[in-house]
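Chemist: what follows is a predicted structure for the sequence shown.
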Amino acid sequence: MNLNTTNASADRPHAVIIGGGFAGAGAAWELTRHGVKPICLEAERRSGGLAGSFEVNGERLEKFYHHWFTNDAHVG
């Protein structure tokens, strides 16, 4: 991370975005298109928000809340 404020990017406005999901990534994209330098803060190790995934017993599962299981005997 370059904290040198004498570079050209110091002249650009900056914005902080909380969250690296679809909304945060979309906001960063739009801000960049308008000359703003976005800084995204994400609590998780990987970005993606609800579009991300996590591991259960060696299998990747989506975080998105519309994941349906036929049963939960193998989870946990």
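Modeler: Arrived safely.
Chemist: drop to CA atoms for contacts and neighbour counts, all remaining ones
Modeler: OK.
Chemist: got the residue ranges for the helices in this protein?
Modeler: 22-33 (DSSP state H).
Chemist: report the beta-bridge partners for Phe54.
Modeler: Partner residues in beta bridges with Phe54, using DSSP bridges, are Leu61.
Chemist: what's the spacing between it and Phe22?
Modeler: Using CA to CA, to the nearest Å, Phe54 is found at 17 Å from Phe22.
Chemist: ends of stretch 48-57, how far apart?
Modeler: End-to-end distance (CA to CA), stretch 48-57: 21 Å.
Chemist: buried ones in that stretch, by neighbour count?
Modeler: Gly48, Gly49, Ser53 (16 or more other CA atoms under 10 Å).
Chemist: dump those to a markdown table, plus distance to Pro13 and pLDDT.
Modeler: Putting those into a markdown table (distance: CA to CA, whole Å; pLDDT from 0 to 100) gives the following:
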| residue | distance to Pro13 | pLDDT |
| --- | --- | --- |
| Gly48 | 25 | 84 |
| Gly49 | 26 | 84 |
| Ser53 | 33 | 84 |
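Chemist: got these as a markdown table, with distance to Ile18 columns?
Modeler: Formatted as a markdown table, the buried residues of stretch 48-57 follow (distance: CA to CA, whole Å):
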| residue | distance to Ile18 |
| --- | --- |
| Gly48 | 12 |
| Gly49 | 11 |
| Ser53 | 19 |
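Chemist: list just the nearest of the residues you listed to Asp11.
Modeler: Relative to Asp11, the closest of these is Gly48; by CA to CA it sits at 29.7 Å.
Chemist: sweet, I'm off.
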